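1. Turn this into a model:
(chains A, B, C and D)
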There are 2 protein chains.
Amino acid sequence: MASGKGGGRSRVTADDVAREAGVSISAVSRVFTPGASASSKMRAKVLAASERLDYMPNAMARSLMTNRTNLIGIIMANFKNPVYLSILDSFTHAIQQRGLRSLLFNVSHGDDLEGSVRQIMEYSIDGLIVSAASMSPLLSEQCRRRDIPLVVFARHPRNVKANVVTADNIAGGRMAARLLIERGYRRMAYIGGPETISTSRDRGLGFDQALEEAGLAPAMRVNAADYGYDEGHEAVDRLFAGGDRPEAIFCVNDILAMGVMDALRYDFGLKIPDDIAVVGFDDIHLAGTKPYQLTTIRQPIDAMVRESIDILTDQPGKGDEAPVTRMLPCTVVERGTVRKSGTT
Amino acid sequence: MASGKGGGRSRVTADDVAREAGVSISAVSRVFTPGASASSKMRAKVLAASERLDYMPNAMARSLMTNRTNLIGIIMANFKNPVYLSILDSFTHAIQQRGLRSLLFNVSHGDDLEGSVRQIMEYSIDGLIVSAASMSPLLSEQCRRRDIPLVVFARHPRNVKANVVTADNIAGGRMAARLLIERGYRRMAYIGGPETISTSRDRGLGFDQALEEAGLAPAMRVNAADYGYDEGHEAVDRLFAGGDRPEAIFCVNDILAMGVMDALRYDFGLKIPDDIAVVGFDDIHLAGTKPYQLTTIRQPIDAMVRESIDILTDQPGKGDEAPVTRMLPCTVVERGTVRKSGTT
DNA sequence: CGAAGTTTTGCAAGCGTTTGCAGGCTGAGG
DNA sequence: CCTCAGCCTGCAAACGCTTGCAAAACTTCG
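-> The predicted structure follows:
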């Protein structure tokens, strides 16, 4: 029966506040429920009592009745690429702005996705964002069954039925190609990531499309084993092993491009952009640093994030609607790894 | 098969499973509660029924009874420094390993901490990790009042009563100094972060201590406005404005050190380590890349994280114990920004 | 001043679990 | 065959909140 007495050991409940304020429990509840009706007199009494007792509604109990937890799940896997820190920043911020909370799941350490799915579902979250390579059909099936809106972020899986928010990677690939063509480069290479990943495929696809439209040969192609700096070195080694060196390299993302640039400069003694051009993707903060000055294709992260949250929060009304796909345009960020003049 | 009539619209509850299996609700509950007693026959029936119905206990309802949410809150602010991506990786992984979940709060966008605190407390989390500069006494007070174990991570605030897990920053600063002294450097500078931050203070303190012990003058000192690459440039400008150039610069962290290195090389045309030495702190992944090859002091992130979670999960038993402080040792990671031989 | 209309308020029935308690069942010992 | 432990199991009371419903309180107006 510890209401206000002693040191405040046990939690203060609505009941305590009600007693303290001389009103009913429902009254307390209504004061803390945005839409509910309550006279200003009562509101004042309850608020004062809550203040005195340092009361705070229990989110668990509330969600039991309302069926809403205000929790948004975020599944992430790639904790090596700094761009994901920006993404996380953007997501958590957007989520908090709307009075929601972020439940973060890490599926990178070989923690099997399937197992995690169970753990996630126990919390009956209000929405789920998947920003990880592995998008199992199981997951989308579970979400559908439980009516949990799902957004796949920055990936475009073919086999699952889910909302998708992504950059227009194909168009982004084309931008890279057109920029290089315009500047007089002809023999191109594309260094992608694992072939299974849609972003890697799409960027390469767009790149080749634009090359073909310009009557050029398709890009020489190497797939890095993973998105990372070190993989960039290894990819260049393989690319150059063929003997036929390209004039320009388009990389599936910035962190890889940085590894590529350093391999070109330090291992092969090439000058960028004089000897060879490099274009990246993402526009991470480090791409703008002095040693790199990387020309790159920027994804509109913030806009993509906003779009994702919008879809999640709008969904409840619609229920069985067909999943939507939003592709947001990329932009070219020109720095110093592609020469300016279009010489031949 | 989709069990529930109509297509599985509403959640499957223990009640449904009980009916399906021909047992009581309590039986279902006990099967899903690790310690509880249940005959293997009943267990089998319940498990089979749950499988058929795709049942999953509701974490909210459970925590209402048990008073445990299995939720660990993480408060973070610095989403620009890549080291925090590793930290987050490590934390989420460790948390999930123990069957807990991570609730992530971003307090970087000027979202006031005070307001966030309320939002956090509503979820009656089982533990809280604060890895942000701003550690208000209010927060620790609230945690104490609600009996929520609290760990301040990688910060060492003086004014709050809370558990603290941090690297031994003073010793780390000394390591940097001793390395530089041993290699024959004499006139040192320290580029710190905002003076209010304990890590910045402590690293500088240790650095100066070791200088004094060696009979050297204290380090010239500049404080960057924030931890970031760009701030490194600006700090060097201010440092060199005095006219008296140091032979070596110790930076409060790697990302700042990278900015410093590039300012030295590109703006002042200095060679590292021939003209000037640089030492960083953290050992982020990018510190090892070709253009930087930064010699740095590494914090044992994984160990610190494990220690933090241990404290959080042990705490419930102890309750009112005095807060503990754990300082873990750093190590020197030598690369190429300090010359090898100790010439004079 | 009283009737009709409009809030405001309290009651009580949930929400999906866990858990103390007591009755039921099982099997061993007499 | 009966008794007495021991385990299982179901009942029902929480946990802290929301919300439909109807009574109470206040307004407005004839």
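2. from here on, contacts and neighbour counts on C-alpha atoms
-> Fine.
3. Give me the contacts around the helix or strand bottoming out on mean pLDDT in chain A.
-> Of all helical and strand segments in chain A, the minimum by mean pLDDT, DSSP states H and E falls on helix A:113-121, at a mean of 80. For helix A:113-121, contacts defined as C-alpha atoms under 8 Å, 6 or more residues apart in numbering or on different chains pick out A:Gly73, A:Phe105, A:Val107, A:Ser134, A:Ser136, A:Leu138, A:Leu139, B:Met56.
4. Can you name the element that comes right after that helix?
-> As assigned by DSSP states H and E, the chain's next helix or strand after helix A:113-121 is strand A:127-131.
5. and that following strand, which strands flank it?
-> If you go by DSSP bridges, strand A:127-131 pairs up with strand A:71-76 (parallel), strand A:150-153 (parallel).
6. So for B:Gly172, which of these sits nearest?
-> Among the strands paired with strand A:127-131, strand A:71-76 comes nearest to B:Gly172, with 32.4 Å by C-alpha to C-alpha.
7. That closest one vs helix A:113-121, what angle?
-> Strand A:71-76 runs at 160 degrees relative to helix A:113-121, counting by axes from the mean of the first three to the mean of the last three C-alpha atoms, to 10 degrees.
8. so how far is strand A:71-76 off the chain centroid?
-> Here strand A:71-76 is found 10 Å from its chain centre; the criterion is C-alpha atoms, centre = their mean, to the nearest Å.
9. what element comes up after it heading to the C-terminus?
-> Helices and strands here follow DSSP H and E; after strand A:71-76, the next one along the chain is helix A:83-97.
10. who's in contact with that next one?
-> Applying C-alpha under 8 Å, 6+ apart, the external contacts of helix A:83-97 come out as A:72, A:78-79, A:101-102, A:282, A:284, A:301-302, A:305-306, A:309, B:79-80, B:82, B:84-85, B:104-106, B:109.
11. then that helix to CSV, C-alphas only?
-> Extracted C-alpha coordinates of helix A:83-97, given in CSV (Å, rounded to 0.1, in the frame of the first residue of the first chain):
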residue,chain,number,x,y,z
VAL,A,83,26.4,5.4,-43.4
TYR,A,84,24.3,3.3,-41.1
LEU,A,85,25.1,5.5,-38.2
SER,A,86,23.5,8.4,-40.1
ILE,A,87,20.6,6.2,-41.0
LEU,A,88,20.2,5.2,-37.4
ASP,A,89,20.4,8.8,-36.3
SER,A,90,17.8,9.9,-38.8
PHE,A,91,15.5,7.0,-37.9
THR,A,92,15.6,7.4,-34.1
HIS,A,93,15.2,11.1,-34.5
ALA,A,94,12.2,10.8,-36.8
ILE,A,95,10.6,8.1,-34.6
GLN,A,96,11.0,10.2,-31.4
GLN,A,97,9.6,13.3,-33.1
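12. orientation of it relative to helix B:83-97 in degrees?
-> If you take the same axes, to 10 degrees, helix A:83-97 sits at 70 degrees to helix B:83-97.
13. just the strands in the stretch 101-250 of chain A please.
-> Under the criterion DSSP state E, counting those that start in this stretch, the stretch 101-250 of chain A carries strands at the ranges A:101-106, A:127-131, A:150-153, A:163-167, A:188-192, A:220-223, A:248-251.
14. CSV for the ones you listed, including mean neighbour count, mean pLDDT and distance to B:Asn163?
-> Compiled in CSV, these are given as follows (neighbours: other C-alpha atoms under 10 Å in any protein chain shown; pLDDT from 0 to 100; distance: least, C-alpha to C-alpha, whole Å):
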stretch, mean neighbour count, mean pLDDT, distance to B:Asn163
strand A:101-106, 26, 95, 24
strand A:127-131, 23, 94, 33
strand A:150-153, 26, 95, 37
strand A:163-167, 24, 96, 41
strand A:188-192, 26, 97, 45
strand A:220-223, 18, 96, 47
strand A:248-251, 28, 98, 45
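15. With distance to A:Ala21 as added columns, please give those strands in JSON lines.
-> Shown next, in JSON lines, are those (distance: least, C-alpha to C-alpha, whole Å):
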{"stretch": "strand A:101-106", "distance to A:Ala21": "30"}
{"stretch": "strand A:127-131", "distance to A:Ala21": "37"}
{"stretch": "strand A:150-153", "distance to A:Ala21": "43"}
{"stretch": "strand A:163-167", "distance to A:Ala21": "47"}
{"stretch": "strand A:188-192", "distance to A:Ala21": "65"}
{"stretch": "strand A:220-223", "distance to A:Ala21": "67"}
{"stretch": "strand A:248-251", "distance to A:Ala21": "65"}
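16. out of these, nearest to B:Pro157?
-> strand A:101-106 (26.4 Å).
17. other SSEs contacting the closest one?
-> Here strand A:101-106 touches strand A:71-76, helix A:83-97, helix B:83-97, strand B:101-106, going by 3 or more C-alpha pairs under 8 Å, 6 or more residues apart in numbering or on different chains; DSSP states H and E.
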